[in-house]
Structures are given as structure tokens and as C-alpha cells.
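Participant: Build me a structure from this.
(chains A and B)
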There are 2 protein chains.
Amino acid sequence: MRFFLTIEYDGTDFIGWQKQNSGPSIQEKIEECIYKITQVKCSIYGSGRTDAGVHSKGQVAHVDISKIFSSKGLMDAINAYLLDYKIKITEVKPTIPDAHARFSAISREYEYVILNRSAPPALDDGRVWHQRIDLDIKNMKKAANHLVGTHDFTSYRATQCQSNSPIKTLDELSINKVFDKVFVRAKARSFLHHQVRNIVGTLKLVGSGKWNPEDVLSALDKKDRTAAGPTAPACGLTLIKIEYPKEIYL
Amino acid sequence: MRFFLTIEYDGTDFIGWQKQNSGPSIQEKIEECIYKITQVKCSIYGSGRTDAGVHSKGQVAHVDISKIFSSKGLMDAINAYLLDYKIKITEVKPTIPDAHARFSAISREYEYVILNRSAPPALDDGRVWHQRIDLDIKNMKKAANHLVGTHDFTSYRATQCQSNSPIKTLDELSINKVFDKVFVRAKARSFLHHQVRNIVGTLKLVGSGKWNPEDVLSALDKKDRTAAGPTAPACGLTLIKIEYPKEIYL
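Facilitator: Numbering: from 1, shown residues only, chains lettered A, B, ... in the order given. Here you go, the predicted model:
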């Protein structure tokens, strides 16, 4: 039986989603818990990797389980073993056998939070990018609008990005300021490696007045990573939601 | 020169606002930082105490400083020494000499957050009260409305509460559910010890169907702490805002 797991995590203490020898990963912790429950080695497949320090409210992974479990029973069992970790399964849904957390996804949504005030964060430490300079939201919105749509995002992807094509369609890139926080929301079918963080790092140049809104387009045209702004830190980023076609759920 | 400091903190690692011998307090940490800056022992006076584990986005304290400081200079200096603590000064304002953080306050606002879902919190660990049972928000709202206004809140105050009178006016008690979080907002000129947490603990009895909305009134009438529900845990509570008359600011 194939299940889709929705996973919330605080990425601070992990080397990222993907299992690696360099430290604890979210994937590894969940696989260990499932092994404790089923006594069968299993692999879980995420909708995509998240970098070290990136958080999630809506990461999705699929897993095949041969024992009979109700969705709720499976969720509670995994969460019981996850007790000591800031990783929790928030939803479990049975799917058709060929549903795939990565390849069946029709959209991905991220949120990046900038804390824009003089004082560093106390309550949001490790969850936001702290910026003292009063950011120009109007200009950031203008710049963001330039990036929406289908473009060659070479200038905004990590040089080590393994995607076949740098052409992606950004369906949404919105900026909203609520009190002292600036929320950047990005939605697309899929993203390039570091794409959201590189966009945010560049939008910050616009917000702080170093760049004009149009400069994000010139950077795009150059198709060169060094033409765009720096990569914003991981801690401000949260994977919010992965969407799938309704037909995959049983 | 008297300054009002607005203070954000994560209460998890502290024994509460007030200086005590039993462990680190927020008040003590800030006083230590100011001493490092001015080399003069000082006391700061908060708008009120918060219990161990209670958080703040808007606690206010006043302090008298004889050295000449700009508001921003003082804020940055204290925050520099607070680097290692989840306590930050978010605003500093000079006031008239007899302004008092506690006695000049005209309203206090708290927020209590209940995470209402099966899975325990990953991202909001230590910031919410986790409730698995699907709470009846409609009935909680009805119950809350019964408590708004001027009442003898004996049943909802800690037995060790030192307030002269148990009669308080609750100006606002609102309940809003956003996704899987229930936000309880309470506003009053002042509160009794544990009043918000005791009210939330009682509203939870209503939400989970153990009590009818009207039962919160019967409990009120009994003027007996044992007649109301248990005290909700500290971690879900955040002091949001203290209001003062505009005239106190220079």
C-alpha cells in the first residue's frame, strides 16, 4: 500500500531533507521510525530536497507499507517514534500505486520571511532573515512582477543545480508586509536549486535601494549566476505546500 | 531620563519575567545588560509579571538612565549584550519622568494559541498548547462571550493571586481558528494572576464538549477556583501589547 505523508519540520538541526553521511537528515529519521514500526527496511521519496536549515509545513513523501494500517494509525505510530525530533507527520493519505511524491506534483509553494526591523529576532530566531534597513516593499513588488512567468532562470539557480533545463515558469511571486515581517511567496510547478533563495537575495538588493526593480530583468537576461544577487540564508525559507491531482488519492 | 522599553522574548528558558533566586529571569538579564552599558546598577519595572514559559511580543518596562543616549543607541546597545538570549528590545521611547510601565498602562492584550490537530507541533513546539480533539469553535465563542464584561473572576484567578479585588473588566475575549490553530485573544485594563490561562483551560472544556457554553457562567457565579477548569499550560500564552496614554511619551 502506498501512502503520501505530509511532513512538518524545523530544519535547524538537520543537514536537509536528503539522507547523507554528513549528519542527520529528515528523510533518514522518518525511515528509521517506519522501520521500528514495520521491522522492514523502507525508503521514502520526497517531493524534492530541502537544504540544511530550511523548514517545512507541507513537504510530502511517499512510502510503500506492506502491513495493514489505517492512515491515522500509521501517522500516530510514526509520530510516537518522532517524539524527540522537530519532525512530525501531519497527514497520511493512501494513494494509487503509481502516485509519486516528486513526479506527480503539480505545484510547489514556498514562503520566505524577512524580519525587517532594528532588533534581531527573539521569538523567530532561526526562522527569519533579519534585515535592519527599512526595505522598499513597493519596489520589491515591482521587481517580483518582472520575474513571474516563463524564463531562463540560469542567473537565479545554484551553479551546482542538476536540473536539465534552466527554463521554469514562476506562477506566483508575491510580497506582503505584515507589521515588521516581509513575506515572499513563490509558487511554481517546480523550482531550480536555490531558486527561491537567490530570488529573495536579489529582491533584497532592490528593497535596500542598491538595485532598481528593472535590474532583476537585466540579471535574468545575462543568464549568469554572478549577475544576480547573493543567496538568502536557508533559515528564512519554509516549504509550504505541494499540490497533487485529486485522482491519485484513494 | 526615563525610557520605556518594548521587549520580545521566548519564555521557555526563563523562570518568568521577575527576578528571583530560583533561576534566570528576563528582568535580571536586561538589568545585567544595562549595567554593562552604564556601569550603574539599575532596576527595570515591567508592566506586569509573566509566568515561566510565557512569551512576549510586547512586554514594556521602564528604566531610568542618567547617561545621555538616543533611543536607538540605547536599544542597539542593550541588544548587543542580549546576543545570546532569546530576549530582544524592539522599541525604546523616552517618557515623562512619572510614567510607570505598570501603573500608567491603560490596556493589556494577550494571545493564547491552541494547535488543534492530531500531530504534535514541530515548528511551534513550546509555543502552543496541543489538543488532538477537534474543538467546537462555535461553542467556545459562545462561552467566551459570557465572560466579556465586568465580573467577579474569583473562579478564574490563581488562589495565590495577590490582587486586592477579584473584579475585573474583560474588554475582549475573541476566538478565531486559522487552519489548525485556535487563537484566543484577551484584552483588559489589567488581569488577575493566571486569569487568561484559567479561562483558556475552561474554554477547552467547552470546546471538547465536556461543558456547555453556559457552564462558564455557573463557574463564574460560584466564586470558587475549583468550579472552573484547569490552568492551560504557560507555553501557549504570549503577552502581545501594553497600551499607554500618548501623553506620557516625549
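Participant: Chain A against chain B: which residues are in contact?
Facilitator: Chain A has residues A:8-10, A:55, A:57, A:72, A:75-76, A:79, A:83, A:85-91, A:117-123, A:125, A:127, A:180, A:238 near chain B, with proximity defined as CB under 8 Å from any CB of the partner chain. Every C-beta, even on glycine, is put in place using the N, C-alpha and C of the backbone.
Participant: from the residues you listed, which ones fall inside strands?
Facilitator: With strands taken from DSSP state E, the overlap with the residues of chain A next to chain B comprises A:8-9, A:55, A:57, A:87-91, A:238.
Participant: which one of those residues sits closest to residue A:215?
Facilitator: The shortest separation between residue A:215 and any of those is 26.9 Å, and it belongs to residue A:238 (by CB to CB).
Participant: Tell me what that closest one is bridged to.
Facilitator: residue A:55, residue A:111 (DSSP bridges).
Participant: what's the answer for residue A:186, then?
Facilitator: Residues in beta-bridge contact with residue A:186 (DSSP bridges): residue A:110, residue A:173.
Participant: burial of the residue nearest to residue A:136 when sequence neighbours are not counted, as a residue count?
Facilitator: Of all residues not flanking residue A:136 in the chain, residue A:207 sits nearest, at 5.3 Å (CB to CB, 6 or more residues apart in numbering or on different chains). Counted by other CB atoms under 10 Å in any protein chain shown, the residues lying close to residue A:207 total 26.
Participant: OK, contacts around residue A:207?
Facilitator: A:131, A:133, A:135-137, A:139-140, A:182 (CB atoms under 8 Å, 6 or more residues apart in numbering or on different chains).
Participant: Residue A:144 versus that one, what's the distance?
Facilitator: Using CB to CB, to the nearest Å, one gets 10 Å for the distance from residue A:207 to residue A:144.
Participant: what are the ranges of the helices in chain A?
Facilitator: When secondary structure is read from DSSP state H, chain A shows helices at A:26-38, A:71-81, A:137-147, A:195-207, A:215-222.
Participant: Of the ones you listed, flag the one that's most buried.
Facilitator: The highest mean neighbour count among those, using mean count of other CB atoms under 10 Å in any protein chain shown, belongs to helix A:195-207: a mean of 25.
Participant: Quick check: the residue nearest the centre of chain A vs chain B, distance?
Facilitator: Taking CA atoms, centre = their mean, the centroid of chain A lies closest to residue A:239, which sits 3.1 Å from it. Computed as CB to the nearest CB, to the nearest Å, the residue A:239 to chain B distance reads 11 Å.
Participant: Residue A:58 is in contact with that residue, correct?
Facilitator: Yes. Contact between residue A:239 and residue A:58 holds when scored by CB atoms under 8 Å: they sit 5.9 Å apart.
Participant: Overlap in contacts, the two.
Facilitator: With CB under 8 Å, 6+ apart as the test, residue A:239 and residue A:58 both reach residue A:109.
Participant: Can you name the residues that contact residue A:38?
Facilitator: A:65-67.
Participant: ah, wrong one, I meant residue A:170
Facilitator: Contacts of residue A:170 (CB under 8 Å, 6+ apart): A:147-151, A:153, A:186-188.
Participant: Out of those residues, flag the one nearest to chain B.
Facilitator: Closest approach between the contacts of residue A:170 and chain B, by CB to the nearest CB: residue A:187, at 17.5 Å.
Participant: Pull the number of nearby residues for the closest one.
Facilitator: The burial count for residue A:187: 19, using other CB under 10 Å.
Participant: which residues does it contact?
Facilitator: Residue A:187 neighbours (CB under 8 Å, 6+ apart): A:107-110, A:170-173.
Participant: List buried residues within those residues.
Facilitator: Of the members of the contacts of residue A:187, the ones counted as buried by neighbours, 16 or more other CB atoms under 10 Å in any protein chain shown, are A:108-110, A:170, A:173.
Participant: Throw the residues you listed into JSON lines and include pLDDT, thanks.
Facilitator: As requested, these are arranged in JSON lines below (pLDDT from 0 to 100):
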{"residue": "A:108", "pLDDT": "98"}
{"residue": "A:109", "pLDDT": "98"}
{"residue": "A:110", "pLDDT": "98"}
{"residue": "A:170", "pLDDT": "98"}
{"residue": "A:173", "pLDDT": "98"}
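Participant: Domains in chain A, by residue range?
Facilitator: A:2-104, A:107-241 (automatic domain parsing).
Participant: Can you tell me the closest non-neighbouring residue to residue A:117?
Facilitator: Distances taken as CB to CB, 6+ apart place residue A:180 nearest to residue A:117, at 4.2 Å, with adjacent residues excluded.
Participant: again with residue A:217
Facilitator: What sits nearest to residue A:217 in space, not counting adjacent residues and going by CB to CB, 6+ apart, is residue A:146, at 4.8 Å.
Participant: average pLDDT across stretch A:214-234?
Facilitator: Summarised as a single mean, pLDDT over stretch A:214-234 is 97.
Participant: Now do it: everything it contacts.
Facilitator: Under the criterion CB under 8 Å, 6+ apart, residues A:11, A:51-54, A:112, A:129, A:143, A:146-147, A:151-159, A:166, A:194, A:197-198, A:200-206, A:211 lie in contact with stretch A:214-234.
Participant: Kind regards, and thank you for your time.
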